[in-house]
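Colleague: Generate coordinates for the sequence data below:
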Amino acid sequence: MISIIIPLYNREKIIDKTLNSILNQSYQDFEVIIVNDGSTDNSGKKIKKYLDDSRFTFHNLKENKGAPFARNFGFKHSKGEYLFFCDADAVLKINMLEILLKTLEKNPEASYTYSNFMWGKKLFKIGEFNEERLKSGPMIHTMSLIRREAFPKNSWDESIKKLQDWDLYLTMLENNKRGVWVDEILFSIKPGGVYSNWLPSFAYKIFPFLPSVKKYKKAVKIIKNKHNL
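Modeller: Numbering: from 1, shown residues only. Below you'll find the predicted structure:
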């Protein structure tokens, strides 16, 4: 079974599309654990209609704790042998879970599998797993399929506020856990979420004074210091 864990914060306009794309998956042996991370909009209310499906559980946090906390909370309530941390602004291709699961079954040496994706109109074509490239900067999105036994004992680092996926995969690499790439676009992200954002690469060189660029560079430094890079 796949445990799909969704941290939810103020995504009332897109969460229906996310959950419906999960319900329409060709692979149906899953549980969905939604953790409402102190949303101030109607995100929590929109979940109610899905709870008639016994595979769905909903946890409502009274205050915003951040995505790592919400993911860890969901993980503690999960039962699946595979973990899929899904963003609340993502739309999955109908056979995404099936493709990722079959990829892991064909690659028993891999601890997780990841794919290409669309961020709005921008294509992220990730490429084959490469240890040195992973050490040089973030490359793999949060939404990979992870074997439960390969997931770090310390889970998501709740002190990391940005580039949490990079931190996770570096931690897994330090535990000799590696990934395998699926060269297909298996999901899309709607820009504008609180938990994640993106700027074109040139912006980091041309606009170093931007607050978002400064935060990114600070986050990179924190991750590199933690992992001795």
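
Colleague: which residues sit against stretch 155-172?
Modeller: If you take C-beta atoms under 8 Å, 6 or more residues apart in numbering as the criterion, stretch 155-172 is touched by 65-69, 71-72, 75, 111-112, 134-135, 137-142, 150-152, 154, 178-179, 215-216, 219-220, 222-223, 226-227, 229. All C-beta spots, glycine's among them, are computed from the backbone N, C-alpha and C.

Colleague: Look at Lys217 and report its pLDDT.
Modeller: Looking at Lys217, its pLDDT is 76.

Colleague: Run a quick neighbour tally on it.
Modeller: Lys217: 12 surrounding residues under other C-beta atoms under 10 Å.

Colleague: again with the one 3 residues further on
Modeller: Using other C-beta under 10 Å, Val220 has 17 other residues around it.

Colleague: ok, now which ones touch it?
Modeller: Gly137, Leu163.

Colleague: how close does it sit to Leu229?
Modeller: Per C-beta to C-beta, to the nearest Å, Val220 is found 9 Å from Leu229.

Colleague: How about Asp167?
Modeller: With C-beta to C-beta as the criterion, Asp167 and Leu229 are 11 Å apart.

Colleague: neighbour-wise, which of these two wins?
Modeller: More crowded of Asp167 and Leu229, by other C-beta under 10 Å: Asp167, with 22 against 13.

Colleague: Name the nearest residue to the more buried one, ignoring sequence neighbours.
Modeller: Closest residue to Asp167 apart from its sequence neighbours, by C-beta to C-beta, 6 or more residues apart in numbering: Ile160 at 4.9 Å.

Colleague: Ok, Gly120 next?
Modeller: Once flanking residues are discounted, Gly120 sits nearest to Pro191: 4.6 Å by C-beta to C-beta, 6+ apart.

Colleague: now the helices for this protein?
Modeller: Remark: helices assigned in the chain by DSSP state H are 15-23, 43-47, 67-76, 96-106, 131-136, 164-174, 201-206, 211-226.
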